[in-house]
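A.B. asks: give me coordinates for this.
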Amino acid sequence: MSHAPLVRHAGRADLGTVAALAARHAEYEQAALPPDDLPDRLAALLFDTPAPRLRCLVAELPDGELVGYATCAPELSTWEGREYLHMDCLFLLPGHRGLGLGVLLMDAVTAEARALGLTEVQWQTPTWNDGAMRFYDRLGARARQKVRYSLPVAP
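C.D. replies: Below you'll find the predicted structure:
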């Protein structure tokens, strides 16, 4: 049975593919690969908690192949005294960009924000990712310049 490409919430059975997409995403961004147990970690965040914060959306082709994903979670803005939805990842496999799936993923992310009663989505992209920046600009998003830091904390 064929259907149009769609974006839907990831199910537990999708998490192996989502982890593989995350590895491709990390490779694309020249970052460290995710841990081998990422599917289990995602399951814990998405399904194995009474009140999951993480949302995971997948882009699915008519034949059922997953070719992209987006993840998001509510965060706080101290300066504004309110929550917003932070989109942590949005990734489509090469060859599937420019076909409207990114717009479908962004529409699904903004729908998540609305469902949570949130009025803004924030995210970041590497400064060298010109294609992503053009895409986000076309959507009407506004860039804010910041430098992201990461500090490992020993157990």
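A.B. asks: give me the below-cutoff pLDDT ranges for this protein.
C.D. replies: When residues are selected by pLDDT under 70, those of the chain lie in 1-2.
A.B. asks: 50 instead, please
C.D. replies: 1 (pLDDT under 50).
A.B. asks: tell me where it has strands.
C.D. replies: Under the criterion DSSP state E, strands of the chain are mapped to 6-9, 55-60, 66-77, 82-92, 121-122.
A.B. asks: dump the ones you listed into JSON lines; add mean neighbour count and distance to Asp36 as well.
C.D. replies: (Each C-beta comes from the backbone N, C-alpha and C, glycine too.) JSON lines is the format used below for those (neighbours: other Cβ atoms under 10 Å; distance: least, Cβ to Cβ, whole Å):
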{"stretch": "strand 6-9", "mean neighbour count": "15", "distance to Asp36": "24"}
{"stretch": "strand 55-60", "mean neighbour count": "24", "distance to Asp36": "18"}
{"stretch": "strand 66-77", "mean neighbour count": "19", "distance to Asp36": "18"}
{"stretch": "strand 82-92", "mean neighbour count": "19", "distance to Asp36": "18"}
{"stretch": "strand 121-122", "mean neighbour count": "16", "distance to Asp36": "30"}
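A.B. asks: quick one, which of those is nearest to Gln30?
C.D. replies: strand 82-92 (13.6 Å; Cβ to Cβ).
A.B. asks: what's the angle from the closest one to strand 55-60?
C.D. replies: On the basis of axes from the mean of the first three to the mean of the last three Cα atoms, to 10 degrees, strand 82-92 is oriented at 30 degrees to strand 55-60.
A.B. asks: from the contact counts, what lies against strand 82-92?
C.D. replies: Contact here means 3 or more Cβ pairs under 8 Å, 6 or more residues apart in numbering; DSSP states H and E; on that basis strand 82-92 packs against helix 15-28, strand 66-77, helix 101-115, strand 121-122.
A.B. asks: in CSV, list these along with distance to Arg148.
C.D. replies: CSV is the format used below for these (distance: least, Cβ to Cβ, whole Å):
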stretch, distance to Arg148
helix 15-28, 15
strand 66-77, 14
helix 101-115, 19
strand 121-122, 12
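A.B. asks: hmm, back to that, would a markdown table of the strands of the chain with distance to Asp107 be doable?
C.D. replies: Listed next are the strands of the chain as a markdown table, based on distance: least, Cβ to Cβ, whole Å:
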| stretch | distance to Asp107 |
| --- | --- |
| strand 6-9 | 7 |
| strand 55-60 | 10 |
| strand 66-77 | 10 |
| strand 82-92 | 12 |
| strand 121-122 | 11 |
